[in-house]
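Asks: Got a sequence here, can you model it:
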Amino acid sequence: MIEKALTSADVEFVTTLHGDEPVSFQVLLQPRGDQADRLLRAIDDVALGELDEAAREDETPEGDEAKDFGRRALDVSLVALRATGSEAEGRLIEDHPLDALGKLVDEVGADEVIVLTDPHYVEEFFHRDWASRARHKVGVPVLKLFSHAKAGKDV
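Replies: Sure, this is the predicted structure:
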């Protein structure tokens, strides 16, 4: 489960987690949410000392406008994963990401879930982040990883 295009460092990290063991990826990406999410992202940016990012939160596509951006981010991520020799399929999810994740885990018989995200301090503090909530929804281990670098906003 990702929230933006994977960086090359992210791809290297997730594709080498299991050594030489063959792996396949089912990637879920949810485009940016609604206006309410914008405040939480701005608080996270401030907590990380990224004041410029906090000031530019209103420039990031939201809701329906974010679908094209999300599709491009998903496509870039799938191409990068496949370039390493890994199998990779993906889907955009619009509503209830954790329900979609639970269904996918059952559908493909996943061994584990990787949630790759930027830090979200407010949500993490209250255990409302995707990884914390997924641990209660899926019957497999959930590994939470932080993205190694900021993915470009111009995917």
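Asks: What segments of this structure are helices?
Replies: Per DSSP state H, the chain carries helices over the ranges 8-15, 35-47, 51-55, 66-83, 97-108, 121-125, 130-134.
Asks: Identify each buried residue in the longest one, please.
Replies: When you say that, I think you mean helix 66-83. Under the neighbour-count criterion of 16 or more other CB atoms under 10 Å, helix 66-83 has 66, 69-70, 73-74, 76-78, 80-81 buried. (C-beta placed from N, C-alpha, C; glycine too.)
Asks: Show me where the protein dips below the pLDDT cut-off.
Replies: Applying pLDDT under 70 to the chain flags residues 32-66, 119-128, 148-155.
Asks: The closest residue to Ala73 other than its chain neighbours: neighbour count?
Replies: Spatial nearest neighbour of Ala73, excluding adjacent residues (CB to CB, 6 or more residues apart in numbering): Ala5 at 3.9 Å. For Ala5, the neighbour count with other CB atoms under 10 Å is 24.
Asks: No further queries at this time; thank you.
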